[in-house]
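Colleague: Pasting a predicted model and its sequence here:
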Amino acid sequence: MESVLEPNVLPTGKPKWLKVKLPIGQKYTELRGLVDKYKLNTICTSGSCPNMGECWGEGTATFMILGNVCTRSCGFCGVKTGRPETVDWDEPEKVARSIKIMNIKHAVVTSVDRDDLKDMGSIIWLETVRAIRRMNPNTTLETLIPDFQGNTRNLDRIVEANPEVVSHNMETVRRLTREVRIQAKYDKSLEVLRYLKEKGVNRTKSGIMLGLGETEDEVIQTLHDLRDANVDVVTIGQYLQPSKKHLPVKEFITPDQFAKYEKIGLKLGFRHVESGALVRSSYKAQKHIL
């Protein structure tokens, strides 16, 4: 049995390869019940991720910290923009407890941008990883972080936390960055990734979305830029419009083109390349620690 994504996500004429199977399986059913019972906050459910069933079946889930209101207004993102709520200092324990309840083997933690805070949320990041380690010593971790405006003191807290993977997404090619990631800079993101690797992070990772009007040459150049920054893992997926207020989809990238980018990425020397229409940042994340 198949189900397509929500009608408002895609314009008419969506290609057949964007259909996804409904999540099934005992592991998914068990986790879905726990999430509902304990009102756990996962990006998997709140973001209606098409890979939720597959990831949960493999014991992987993504959690968002520092609230659900972002200080930035990226043209692709469905997260609300505005004045964030006060920091919840109990959040690290809550997230760690959620991971324990769900018996997650590999957790991905991400957050909104908190440019309103002096530390940009980096202290909560550090405390969250520490809490997860204490309560779930056998769970491996990926932190999908914002750029922290390139502030090395804040980045050093992530390095200190020592997750197995540190990820920061480029999201798009250089030419489109100003339109897609209004308050972010292409080179700053590359500097963040390069700095993390230089400081000894075991695995660095980044992701880009396609279908926003980029050219093949621009995508390949971005892959080159990421390898030059010693990034280990890259994910490449199709951009899907969260609402009519967001940037429109300019193109649906074919499976053959995604396969081509995967081959190019592997040839460039990335340890892992996940490339496909339904690929998201945390897709097959448990493999990326190897």
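Modeller: In hand now; what should we look at? Numbering: from 1, shown residues only.
Colleague: wait, Cys77 sits on Pro242?
Modeller: Yes. Assessed by CB atoms under 8 Å, Cys77 is found in contact with Pro242 at 7.1 Å. From N, CA and C alone the C-beta is placed, and that goes for glycine too.
Colleague: how about the strands of the stretch 51-200 of the chain, start to end?
Modeller: 60-65, 69-70, 80-81, 106-111, 140-144, 165-167 (DSSP state E, counting those that start in this stretch).
Colleague: Go through those strands and find the least confident stretch.
Modeller: Ranked by mean pLDDT, those bottom out at strand 80-81, with a mean of 80.
Colleague: That strand: partners in the sheet, and parallel or antiparallel?
Modeller: Its sheet considered, strand 80-81 pairs with strand 69-70 (parallel) by DSSP bridges.
Colleague: got a list of contacts for the strand it pairs with?
Modeller: Applying CB atoms under 8 Å, 6 or more residues apart in numbering, the contact partners of strand 69-70 are Cys77, Val79, Lys80, Thr81, Gly82, Arg83, Pro84, Glu85, Val112, Asp113.
Colleague: cool, and stretch 33-42?
Modeller: Counting by CB under 8 Å, 6+ apart, Thr45, Ala61, Thr62, Phe63, Met64, Ser98, Ile101, Met102 sit against stretch 33-42.
Colleague: how many neighbours does Cys49 have?
Modeller: Counted with other CB atoms under 10 Å, residues neighbouring Cys49 total 23.
Colleague: I'd guessed it sits against Ser281; true?
Modeller: No. Taking contacts as CB under 8 Å, Cys49 lies outside contact range of Ser281: 9.8 Å.
Colleague: residues touching the residue lying closest to Gly25 once chain neighbours are set aside, list them.
Modeller: Spatially, and ignoring its direct neighbours in sequence, Gly25 is nearest to Gly57 (5.0 Å; CB to CB, 6 or more residues apart in numbering). The neighbours of Gly57, taking CB under 8 Å, 6+ apart as the test, are Gly25, Lys27, Tyr28.
Colleague: Please indicate which of the residues you listed are buried?
Modeller: Tyr28 (16 or more other CB atoms under 10 Å).
Colleague: where does the protein dip in pLDDT?
Modeller: Where the chain drops to pLDDT under 70, the residues are 1-13, 21-24, 40-41, 45-48, 75, 78.
Colleague: hey, which strand is longest across it?
Modeller: strand 203-210 (DSSP state E).
Colleague: ok, now which ones touch the residue nearest to Arg97 when sequence neighbours are not counted?
Modeller: Closest residue in space to Arg97, ignoring its immediate chain neighbours: Met135 at 6.7 Å, by CB to CB, 6+ apart. By CB under 8 Å, 6+ apart, the residues touching Met135 are Glu93, Ala96, Arg97, Ile99, Lys100.
Colleague: Narrow the residues you listed to those in helices?
Modeller: Those of these mapping onto helices are Glu93, Ala96, Arg97, Ile99, Lys100, per DSSP state H.
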